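A.B. asks: Everything below, folded, please.
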Amino acid sequence: TAWMLVDKAAGVATSFIIGIAIARYLGPENMGIWGYVLSISAIVAILGTLGLEQVVIRDLVPKESDYKQVLGSIIGLRVIGGMGACLILVILALLTDDPEISLLLIIVAPTHIFLAFNSYDFLFQAKINARLGVFVRLLTQFILALAKLVFIFTDAPLVWLGVIVLCGSILQAIFYQIAG
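C.D. replies: The predicted structure is shown next:
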């Protein structure tokens, strides 16, 4: 739908512009550390999603009356998977020699638990009401973009970027809960 196109275009544009600003601010060494933390986190994120996206949409479309049960089950499973991903990141942080990488991994780790609430977006897609999911994502992206600009203009240390990412996942989970 047009809403999803707007979401993708705004997301790519915002990520591109803010990404360039963050890369210029962090410099090569800190950007490398941040990229390393994000890469490790992305690899471990596979545990948190459990590949349940299509199951949600497939099961919610024909059975309107059972959507709360299906959505609750999916969120519960994804929270458990997110806790597993969080645990793995904490273990990796404890095994890492670099204290900054360890701290960033520990800060970013809980985001995988809150990403379980992104399952509401699949509910919106199943009900062909994508604009609610788009609104939640755009609002979160806007707030995170502002927070990242504040991060840059206040000359904050790298660890605060991890805090912003964590707060963003919590905020998005809250917005999905409100919209759902």
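A.B. asks: Helix or strand: which one has Ile91?
C.D. replies: Counting by DSSP states H and E, the secondary-structure element that holds Ile91 is helix 67-95.
A.B. asks: Distance from that helix to the middle of the chain?
C.D. replies: Distance of helix 67-95 from the chain centroid (C-alpha atoms, centre = their mean, to the nearest Å) equals 13 Å.
A.B. asks: Chain neighbours aside, what residue packs nearest to Lys148?
C.D. replies: Using C-beta to C-beta, 6 or more residues apart in numbering and skipping the chain neighbours, the partner closest in space to Lys148 is Ile18 (5.2 Å). Placement of C-beta: from N, CA and C, glycine included.
A.B. asks: neighbours around that neighbour, how many?
C.D. replies: By the criterion of other C-beta atoms under 10 Å, Ile18 has 19 neighbours.
A.B. asks: picking up where we left off before, elements contacting the helix holding Ile91?
C.D. replies: Packing contacts for helix 67-95, counted by 3 or more C-beta pairs under 8 Å, 6 or more residues apart in numbering; DSSP states H and E, involve helix 2-49, helix 53-60, helix 99-108, helix 111-114, helix 119-126.
A.B. asks: got the contact list for the shortest one?
C.D. replies: With contacts defined as C-beta atoms under 8 Å, 6 or more residues apart in numbering, helix 111-114 is touched by 41, 44-45, 47-48, 79, 81-83, 85-86, 89, 165-166, 168-170, 172-173.
A.B. asks: out of the residues you listed, which are buried?
C.D. replies: Of all the contacts of helix 111-114 considered here, the ones buried according to neighbour count by 16 or more other C-beta atoms under 10 Å are 41, 44-45, 47-48, 79, 81-83, 85-86, 89, 165-166, 168-169, 172-173.
A.B. asks: re the thing from before, hang on, the residue nearest to Lys148 packs against Ile143?
C.D. replies: No. Between Ile18 and Ile143 no contact is recorded; they are 11.9 Å apart, counting by C-beta atoms under 8 Å.
A.B. asks: By mean pLDDT, point me to the weakest helix or strand of the protein.
C.D. replies: The helix or strand with the lowest mean pLDDT-type score in the chain, counting by mean pLDDT, DSSP states H and E, is helix 53-60 (a mean of 64).
A.B. asks: Now for the nearest residue to Leu103 once chain neighbours are set aside, how many residues are close by?
C.D. replies: The shortest distance from Leu103 to any residue that is not its chain neighbour, by C-beta to C-beta, 6+ apart, is 5.9 Å, and that residue is Val159. Val159 is surrounded by 11 other residues when neighbours are defined as other C-beta under 10 Å.
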